[in-house]
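Chemist: next comes the sequence, and after it the predicted model I'd like to discuss.
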Amino acid sequence: MAFKRIGQLRLKVQLLPYIASRGYRSTSQRWQESETSERDITQIDLQIRQPRWRKSRQIQQEAVAHETIEDLEDLRTDDLIDEGDVDELEKGVTIKARTLAIRDLLKNGKAVKPRHHYILDSKAAETLVRHLKPDLQETDVILETSPGLGILTETLLANTSNHVLAYEPHNKLRTYLEETLLPLYPSQLQLHNLNLMKFFGYYMVSLKDGNTTLLNNLLAPLPDCDEQDRSPLKIVGVTYDPKFFTRLNLTFVMRCCFFESMSPVFYFFIPPDVFNMLTSTVYYRQKYSYTLGCQFRYYFNLEVLGSAPRDGFYPAISRKSQDSEEDSDLRLVRVSQNNDIFTQVGQDEFEGFHYFIRKLLLSKQDETLITTLERWIPDCGPDFIKYGAHVFGHPRELSQEQLLLVYRLFTSLPAYPFSAFHHQKKQFMQKLTGHEDA
């Protein structure tokens, strides 16, 4: 059975026509098809093996993809080939072909750096859908960010009956999905040209300019939430950008966009450095990353569901020299709202709490907890010292529970309602939103 699978490889890889359309031929094929001199053949061979530096990476990857296909054809009669090896070879060729295909669609006459991140590995898509299905009900809606070639989209459509809203801002990729997937699932799939990752930016535009068109277009297709204990909205995709979680924190705090009427659940592939940033409880030099992770853990629960090899995504993340292949795999995580925060901090205090934690954790190394708090309420240090606060202790030395206890004690002080904290918090929100009434 292994040999048949190798022989049928070209039929299984749907995107191989993209490679063939580029007109690549081996040196021997060029020799047979043209009557050229030995010097011309040498030039052709050098063009393939030693291309110009501007196109070397692209040409080499195309050559590797074609040579791999030809090698697989030659292995058809090899009795030593193993079924597992066939799977690995098939996966490798498929991902190479899809990489070339998405690069062709993304570029416009020249090589460009992708602004989004795409799933190319079918097994990674199957892993996500397998963990998503138990959390789905018939009325739930699935939002996908930057579907690209539709690898995850097709897996969702084939394995669930839920409506899938795919947000693809790139015109060529969206056109490709309209031609391939939309005719197969016309009642289940919707394609939109907005960038789902800019949800907080659309809200900021509505505040600063009063233009709510983009925000309304983003939120209009979403379902109404009648249940308080679960969300009918599932958002799936992949992101390498830690700023996404910064925006997610702010969206939760301001109770805007998705969180205005519901609490979506996210199923995302994220790289190891972003995962460590969100989960690490130990401070190590990077105070902005530590602050982001600490605030995130107050607002959200993160559950690790699985992992996927880094070469199954485009663009592939680079592996650090000290990391093993397993350590460089992307993590599949489930991110959901932490309902405990509503009992610990009042919803009307979210903005103040967010600013309080941010200000403490971003304080300079030579500052202490007491000096930071006394800038808001002078001579309040003894009130915290009698509860066990260290005179020379830095805020980043405290655990999340201790920071929450400091916030509660701070807001319970008699001078708190008249302190400078409120004015500084208001200035922070005005600067963030560009709105004077913030």
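Modeler: Everything's here; your move. What you see is a predicted model; the values in this text were computed from it and never measured.
Chemist: which stretches in the stretch 201-350 of the chain count as helices?
Modeler: Taking DSSP state H, counting those that start in this stretch to define them, one finds helices in the stretch 201-350 of the chain at 213-219, 243-254, 272-279, 287-299, 341-344, 350-361.
Chemist: following the helix or strand harbouring residue 382, which helix or strand comes up?
Modeler: Residue 382 belongs to helix 381-385 when elements are defined using DSSP states H and E. Next in sequence after helix 381-385, counting helices and strands by DSSP H and E, comes helix 400-412.
Chemist: and that next one, what's buried?
Modeler: Applying a neighbour-count criterion of 16 or more other C-beta atoms under 10 Å, one finds 403-407, 409-411 buried in helix 400-412. Any C-beta I mention is one placed from the backbone N, CA and C, and that applies to glycine too.
Chemist: so where's the stretch 201-350 of the chain shaky on pLDDT?
Modeler: Applying pLDDT under 70 to the predicted model, the residue ranges of the stretch 201-350 of the chain that meet it are 225-230, 319-326.
Chemist: where in the stretch 1-150 of the chain is pLDDT low?
Modeler: For the stretch 1-150 of the chain, applying pLDDT under 70 flags the ranges 1-93, 108-114.
Chemist: hmm, back to that, which secondary structure elements does the helix holding residue 382 contact?
Modeler: In terms of contact count using 3 or more C-beta pairs under 8 Å, 6 or more residues apart in numbering; DSSP states H and E, helix 381-385 is assigned the packing partners helix 369-374, helix 400-412.
Chemist: any chance of these in TSV with mean pLDDT and distance to residue 388 as columns?
Modeler: Rendered in TSV, the data for the helices and strands packed on helix 381-385 read as follows (pLDDT from 0 to 100; distance: least, C-beta to C-beta, whole Å):
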stretch	mean pLDDT	distance to residue 388
helix 369-374	91	11
helix 400-412	93	9
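Chemist: redo these as TSV? Include distance to residue 238.
Modeler: Compiled in TSV, those are given as follows (distance: least, C-beta to C-beta, whole Å):
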stretch	distance to residue 238
helix 369-374	38
helix 400-412	28
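Chemist: these: which one's closest to residue 98?
Modeler: With C-beta to C-beta, the closest approach to residue 98 among the helices and strands packed on helix 381-385 belongs to helix 400-412: 41.4 Å.
Chemist: other residues contacting the closest one?
Modeler: Helix 400-412 has contacts (C-beta atoms under 8 Å, 6 or more residues apart in numbering) with 281, 294, 297-298, 344-345, 349, 352-353, 356-357, 360, 369, 373, 376-377, 380, 383-384, 387, 389, 395, 398, 416.
Chemist: what subset of those residues is buried?
Modeler: When neighbours are counted using 16+ other C-beta under 10 Å, those contain these buried positions: 294, 297-298, 345, 352-353, 356-357, 360, 369, 373, 376-377, 380, 383-384, 389, 395, 398.
Chemist: from residue 369, how far out is the residue nearest in space to the middle of the chain?
Modeler: Centroid-nearest residue in the chain, with C-alpha atoms, centre = their mean: residue 239, separated by 1.5 Å. Residue 239 sits 34 Å away from residue 369, going by C-beta to C-beta, to the nearest Å.
Chemist: ranges for the strands of the stretch 51-200 of the chain?
Modeler: Assigned strands in the stretch 51-200 of the chain, in chain order: 118-119, 141-145, 163-167, 189-192 (criterion: DSSP state E, counting those that start in this stretch).
Chemist: now do the SS call for residue 367.
Modeler: coil (DSSP: H, G, I helix; E, B strand; the rest coil).
Chemist: how about the strands in the stretch 201-350 of the chain?
Modeler: The residue ranges that make up the strands of the stretch 201-350 of the chain, judged by DSSP E, counting those that start in this stretch, are 233-238, 265-270, 300-308, 313-314, 330-337.
Chemist: ok, which of those comes nearest residue 143?
Modeler: Of all these, it is strand 233-238 that lies closest to residue 143, at 4.6 Å by C-beta to C-beta.
Chemist: angle of that closest one against strand 265-270?
Modeler: For the pair strand 233-238 and strand 265-270, the angle between their directions (axes from the mean of the first three to the mean of the last three C-alpha atoms, to 10 degrees) equals 0 degrees.
Chemist: now do strand 233-238: which elements does it pack against?
Modeler: When contacts are defined as 3+ C-beta pairs under 8 Å, 6+ apart, strand 233-238 packs onto strand 118-119, helix 122-132, strand 141-145, helix 151-159, strand 265-270.
Chemist: tell me which of those sits most buried.
Modeler: Burial of the helices and strands packed on strand 233-238 is given as mean neighbour count (mean count of other C-beta atoms under 10 Å); strand 118-119 ranks first at a mean of 27.
Chemist: for residue 359, see how far away residue 367 is.
Modeler: Here the distance between residue 367 and residue 359 works out to 11 Å (C-beta to C-beta).
Chemist: what of residue 157?
Modeler: Counting by C-beta to C-beta, the gap from residue 157 to residue 359 is 46 Å.
Chemist: now for stretch 384-392, what's the gap between its first and last residues?
Modeler: In terms of C-alpha to C-alpha, to the nearest Å, the two terminal residues of stretch 384-392 are separated by 12 Å.
Chemist: next one: stretch 261-275
Modeler: One end of stretch 261-275 sits 28 Å from the other (C-alpha to C-alpha).
Chemist: cool, stretch 243-262 as well?
Modeler: 22 Å.
Chemist: tell me which residues of it are tucked away?
Modeler: Judged by neighbour count using 16+ other C-beta under 10 Å, the buried positions of stretch 243-262 are 244-254, 256-259, 262.
Chemist: try stretch 155-171
Modeler: Counting neighbours by 16+ other C-beta under 10 Å, stretch 155-171 gives 155-157, 160, 162-170 as buried.
Chemist: want to try a markdown table for those, with pLDDT and distance to residue 145 as columns?
Modeler: What follows is the buried residues of stretch 155-171, written out as a markdown table (pLDDT from 0 to 100; distance: C-beta to C-beta, whole Å):
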| residue | pLDDT | distance to residue 145 |
| --- | --- | --- |
| 155 | 94 | 15 |
| 156 | 95 | 13 |
| 157 | 94 | 16 |
| 160 | 93 | 17 |
| 162 | 92 | 16 |
| 163 | 93 | 16 |
| 164 | 95 | 12 |
| 165 | 94 | 10 |
| 166 | 94 | 9 |
| 167 | 94 | 6 |
| 168 | 92 | 9 |
| 169 | 91 | 10 |
| 170 | 89 | 12 |
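Chemist: and residue 218, which of the strands of the stretch 201-350 of the chain is closest to it?
Modeler: Across the strands of the stretch 201-350 of the chain, the minimum distance to residue 218, taken as C-beta to C-beta, is reached by strand 233-238, at 11.9 Å.
Chemist: quick one: distance of that closest one to the chain centre.
Modeler: Relative to the mean C-alpha coordinate of its chain, strand 233-238 is positioned 9 Å out (C-alpha atoms, centre = their mean, to the nearest Å).
Chemist: all set, thanks.
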